[in-house]
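Q: One predicted model, sequence on top.
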Amino acid sequence: MELMKINGLFKSYGKTKVLEDLSVSYHPDMIYGLIGENGAGKTTLFNCIMGIEAYEGSIRKTSNMSIGYLPAENHFYTLVTGQEYLDFCLKAKNKKIDKVQIKELNDVFQLPLKRYASEYSTGMKKKLALMALLLEDNDLYILDEPFNGVDLYGCIQLKKIIHSLKDKGKTILISSHQITILHELCDCIDYLNHHTIVQRYTSESVQEIEYSILTGKPSVYPLHSE
């Protein structure tokens, strides 16, 4: 069963083409990686899925599917505490504010929820935004560069959380420049280049993926250098 199918997606800003004839499918209980150069269109693709950007083509989603989106940059209003931010996100999705669940989750994240979120570090802001998504209990999680600005302990936590989401039958879509982390986490990795997804890696090694990207050739890594 397909959770979401994108067909013939096209997006441009004026004369600048960003996405062209992009087609891809996503299924439940899977972790998908997305790699590509800066400016390749990864964030634009996510924005199209979320309905933030207008586009041509089609994006078909399972009915009543809820999506949680963690953007690469997280912005918070001043004079809003971490707790108030969580309450707002839950109310926006008509979810019950469960103080016990929030406390249990924050035992992991260790965030000062009574402090203003705008004063948090980059890593803490990402943790707060991710905490809100987890409390919402979405079907699909889109994480745009979630490991950027996160410390070592936070990265380990985040990987455990992503694995736990899959165990619960969720679908996760992650963009990152860190191929090694994606290779460890994901069931497959899509390569976005020249405005579309040019290859999906499923069983290749990290070295084969890197060789394919650097050379533009199929992912057959030479065992011996010539």
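A: Everything's here; your move.
Q: Tell me where this protein has strands.
A: 4-13, 16-26, 31-35, 56-61, 67-70, 140-144, 171-175, 188-193, 196-201 (DSSP state E).
Q: Can I get these in JSON lines including mean pLDDT and distance to Leu105?
A: For glycine as for every other residue, the C-beta is placed from the backbone atoms N, C-alpha and C. Output for these, formatted as JSON lines (pLDDT from 0 to 100; distance: least, CB to CB, whole Å):
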{"stretch": "strand 4-13", "mean pLDDT": "96", "distance to Leu105": "26"}
{"stretch": "strand 16-26", "mean pLDDT": "95", "distance to Leu105": "26"}
{"stretch": "strand 31-35", "mean pLDDT": "97", "distance to Leu105": "20"}
{"stretch": "strand 56-61", "mean pLDDT": "96", "distance to Leu105": "27"}
{"stretch": "strand 67-70", "mean pLDDT": "94", "distance to Leu105": "14"}
{"stretch": "strand 140-144", "mean pLDDT": "96", "distance to Leu105": "15"}
{"stretch": "strand 171-175", "mean pLDDT": "97", "distance to Leu105": "17"}
{"stretch": "strand 188-193", "mean pLDDT": "96", "distance to Leu105": "28"}
{"stretch": "strand 196-201", "mean pLDDT": "94", "distance to Leu105": "33"}
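Q: Kindly reformat those strands as a markdown table containing distance to Gly123.
A: Listed next are the strands of the chain as a markdown table, based on distance: least, CB to CB, whole Å:
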| stretch | distance to Gly123 |
| --- | --- |
| strand 4-13 | 29 |
| strand 16-26 | 28 |
| strand 31-35 | 21 |
| strand 56-61 | 31 |
| strand 67-70 | 13 |
| strand 140-144 | 14 |
| strand 171-175 | 17 |
| strand 188-193 | 24 |
| strand 196-201 | 28 |
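Q: Adding mean neighbour count, write those strands out as TSV.
A: Compiled in TSV, the strands of the chain are given as follows (neighbours: other CB atoms under 10 Å):
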stretch	mean neighbour count
strand 4-13	17
strand 16-26	16
strand 31-35	23
strand 56-61	14
strand 67-70	20
strand 140-144	23
strand 171-175	24
strand 188-193	20
strand 196-201	18
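Q: For the residue nearest the centre of the chain, list each beta-bridge partner.
A: Most central in the chain under CA atoms, centre = their mean is Leu143, positioned 1.8 Å from the mean C-alpha point. Note on Leu143: beta-bridge partners by DSSP bridges are Leu70, Ile174.
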